[in-house]
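S.K.: for reference, the sequence and a predicted model appear below.
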Amino acid sequence: MRKTSPVACIFLAAFVAASADLYGQAERREVRLPVASKTTLAVDSVPSAEKGADLKDFPSAFPTRTLEAKDGAVSLEVGREPVYVIDGDTSLPSPVPTESSPFGFHPASVPGPKDPYGHAKEIGVRWHRAGMYAYWILVQPTQEDIDKGVFHWEQNDREWGLVPESMAIFGNIGLPERRESKEPGKPRLSVWRLNQPEEAYLRFVKAAVERYDGDGVDDMPGLKVPIRYWQFENEPDGASEDWEGYAHLHEITYDAIKEACPEAKVALGGQAGEFEGFFGPILKRLDGKRVDIYDFHFFGDAKLHWRGVKAEYDRIRKRLDELGYAKTEIWITEMGTHSGAPGDEEPRRRAPRNDRERQRERDLAQMGEPPKLPVQSEREHARDVVKRHAYALSIGVKKTFWAWGLVEGFKHDDGFFDHTGFIYDGEFDNDPPRGTLKLAYHAYRKMTETLDGADWSRAETPVLGKDVYAIRVPRGKGTVTVVWHDPPYPISAMVPSVALAEIRRCLDELGGGATDAKNLRDRFGALRKVIRLALDAGGPSAVVKWGPFDRVKRLEERVLDGAEEAPAEVDAIIREARETFR
């Protein structure tokens, strides 16, 4: 899994220790929610304990109160932490079919215990996307294996053979060293071309799909969960600009999967960057065919970043519809935020033990050192879990997978993805002992208990007031409404004082002068520095209002082209930044 950090940090001495009060219970307001019943239940989505380690009894951990309706509505006070309002009988007449559930994890397994899926089952995870792909280089590591048709399935059998029947599997097919080596002047593995005959690759793909499709022909012995959902590689737009090569490999992989298992669904590789530069041309080339699922990834901070999923979803949905993919579902197989303070400690990687681990070390080294990111508490982490899932599902996303992992630990370098898990690994930030559960673990469990089986196709968004977000979904014979109040944060809550002073100094240096053709590039460069400082110190929420990525990217192209309108746009963003950070 290729990962590029959302931000790179210069400043972060220490975030405000009192942020829990500012972020959690401040900015509360009373709302009136229309309901159908005379009485409803309001249930907090995050436990009352300050940390997961303090939680002793799950059933009593979530404050619950009865609300009496008056004139067809109930009154309740809401803040930044969502509340579930249970209206009517929301019990389900039968268990939710596995593949109907939207709740997944990448991956859902926890290394070490006898039952690696015990935690996932407890909190209601219904989809597993493994970290161990069906890698061609591992299944047929030698030329002799390829020539003689010998396959080594041991690692994938262990990975997928233990998945319980209560979960579905989203499988990935990967090369990775079976791609051609680098082109001159470009990064390693910069093209999407095979270094082996296509016929050999397709034999591998068909053998993999056949082994795990559960049709009784050449299946893995003891297979409990057939794999009917596949994806070729992951985040291909981050690995190479070669969209034409990826389009061809996806096309022949899709056809091979369908030949082995006609009922299988195949996803295009997960979008890590922008749609148009890589995936747009691919979809045009594929001409409305060979994409059953479109997957994009969505990571960020635990403030207001969750709102950004709608703009990205709407942009993708519109383009899919235009390109002949109106029936293609949109999934998010990687999304998340962190707890703790990524990037403030030295990496603790173990020494590589074999050639493959040594190669992985070289690959990881190309990604650079992890950035320092703003501190986020367990409570911020937990409430973002609820918002990201509920909001994404309400706008049309069909499946959501939290990443990376139930337990902390990805590169073990104190990076972002070493802090996204729900279970501490005991490595960084003065962690409690390995295995200690975070508040997010319990919040996710309550979320799935409350929302799994809801009919998201009939989601409604009652209008309750400015900056109030309400999502109502039918479940059973009643409804569940997820409601919270999320007004904009003051800039002092997002950016530490030292960084804020530096940003203001840089803006003062820009002064009130006008941008023209002569100073255009210099002033744009200074503006980019301000944007970087704000991102580094406060994350995406610190710039999304005045300097969002798409806007700055378009402006950069105009600046490089010397476009006539570029100076005025630079000045407009500078004015907005000065207003934000004054």
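M.R.: Structure's in. What do you need?
S.K.: which residue, neighbours along the chain excluded, lies closest to residue 159?
M.R.: Of all residues not flanking residue 159 in the chain, residue 132 sits nearest, at 4.4 Å (CB to CB, 6 or more residues apart in numbering). The C-beta positions use only the backbone N, C-alpha and C, and glycine is treated the same way.
S.K.: quick check: the residue of the chain most remote from its centre vs residue 526, distance?
M.R.: What lies farthest from the middle of the chain is residue 518; by CA atoms, centre = their mean that is 41.6 Å. Using CB to CB, to the nearest Å, we find residue 518 at a distance of 14 Å from residue 526.
S.K.: at the geometric centre of this structure, which residue do we find?
M.R.: With distances taken as CA atoms, centre = their mean, the chain has residue 335 as the residue nearest its mean C-alpha position (1.1 Å).
S.K.: ok, that residue to residue 218 distance?
M.R.: Counting by CB to CB - residue 335 and residue 218 are separated by 35 Å.
S.K.: next one: residue 262
M.R.: Distance of residue 262 to residue 218, given as CB to CB: 16 Å.
S.K.: strands of the stretch 451-582 of the chain, residue ranges please.
M.R.: With DSSP state E, counting those that start in this stretch, the ranges of strands along the stretch 451-582 of the chain come out as 468-475, 478-485.
S.K.: just to revisit the earlier point, now do the phi/psi pair for the residue nearest to residue 159.
M.R.: Per-residue torsions, residue 132: phi -90, psi 110 (degrees, to the nearest 10).
S.K.: in terms of pLDDT, where does it sit?
M.R.: Note on residue 132: pLDDT of 92.
S.K.: how much space separates it from residue 109?
M.R.: 9 Å.
S.K.: of these two, which one has the most company?
M.R.: Legend: neighbour count by other CB atoms under 10 Å for residue 132 and residue 109, higher for residue 109 (25 against 16).
S.K.: settle this for me: that one is touching residue 115, isn't it.
M.R.: No - with contact defined as CB atoms under 8 Å, residue 109 does not count as touching residue 115 (9.6 Å).
S.K.: tell me which residues touch residue 105, please.
M.R.: 120, 125, 127-129, 401-403, 405-406 (CB atoms under 8 Å, 6 or more residues apart in numbering).
S.K.: just the residues you listed: which are in strands?
M.R.: 127-129, 401-403 (DSSP state E).
S.K.: TSV for the residues you listed, including neighbour count?
M.R.: Below are those laid out as TSV (neighbours: other CB atoms under 10 Å):
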residue	neighbour count
127	25
128	26
129	27
401	25
402	26
403	25
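S.K.: surely residue 318 is within a helix?
M.R.: Yes - per DSSP: H, G, I helix; E, B strand; the rest coil, residue 318 lies within a helix segment.
S.K.: tell me who's in contact with the residue nearest to the centre of the chain.
M.R.: Counting by CB under 8 Å, 6+ apart, residue 335 has contacts 297-299, 309, 388, 392, 400-403.
S.K.: go on, residue 86?
M.R.: Residue 86 touches 40-43, 450, 478, 480, counting by CB under 8 Å, 6+ apart.
S.K.: for those residues, which one is nearest residue 440?
M.R.: Nearest to residue 440 among those: residue 450, at 15.2 Å, using CB to CB.
S.K.: what is the burial count for that closest one?
M.R.: Residue 450: 22 surrounding residues under other CB under 10 Å.
S.K.: pLDDT wise, what is it at?
M.R.: Reading off the model, residue 450 has pLDDT 98.
S.K.: in a strand, it, correct?
M.R.: No - going by three-state DSSP, the assignment for residue 450 is helix, not a strand.
S.K.: identify the residues contacting residue 325.
M.R.: Residues in contact with residue 325 (CB under 8 Å, 6+ apart) are 283, 288, 291, 294.
S.K.: and the last one, that one's in a strand?
M.R.: Yes - counting by three-state DSSP, residue 294 is part of a strand.
S.K.: quickly list what it is bridged to.
M.R.: residue 330 (DSSP bridges).
S.K.: I'd assumed residue 327 was in contact with it.
M.R.: No - between residue 294 and residue 327 there is no contact under CB under 8 Å: 11.0 Å.
S.K.: between those two, point out the one with more neighbours.
M.R.: The residue with more neighbours, out of residue 294 and residue 327, is residue 294; 22 against 10, by other CB under 10 Å.
S.K.: OK, contacts around the residue nearest to residue 68 when sequence neighbours are not counted?
M.R.: Using CB to CB, 6+ apart and skipping the chain neighbours, the partner closest in space to residue 68 is residue 39 (5.7 Å). Taking CB under 8 Å, 6+ apart as the criterion, residue 39 is in contact with 66-69.
S.K.: and these, which is closest to residue 554?
M.R.: Checking these against residue 554 by CB to CB gives residue 67 as the nearest, at 47.1 Å.
S.K.: in the protein, where is pLDDT below threshold?
M.R.: Counting by pLDDT under 70, the chain contains low-confidence ranges at 1-26, 181-190, 346-351, 353-371.
S.K.: would you map out the domains in it?
M.R.: Annotated domains of the chain cover 19-91+481-485, 98-474, 491-581 [automatic domain parsing].
S.K.: can you measure across the second one, start residue to end residue?
M.R.: Right, the one you point to is domain 98-474. Length of domain 98-474, first residue to last, CA to CA, to the nearest Å: 19 Å.
S.K.: check the last one too.
M.R.: In terms of CA to CA, the two terminal residues of domain 491-581 are separated by 7 Å.
S.K.: so how far is it from its chain's centroid?
M.R.: Remark: domain 491-581 is offset 27 Å from the chain centroid, using CA atoms, centre = their mean, to the nearest Å.
S.K.: just the helices in the stretch 1-150 of the chain please.
M.R.: In the stretch 1-150 of the chain, the segments counted as helices under DSSP state H, counting those that start in this stretch are 19-24, 118-123, 136-139, 143-148.
S.K.: next, the buried residues of the second one.
M.R.: What it means is helix 118-123. Using 16 or more other CB atoms under 10 Å as the test for burial, helix 118-123 gives 119-120, 123.
S.K.: over to the third one?
M.R.: By neighbour count, with 16+ other CB under 10 Å as the criterion, the buried positions of helix 136-139 are 136, 138-139.
S.K.: and stretch 123-135, how far apart are its ends?
M.R.: 29 Å.
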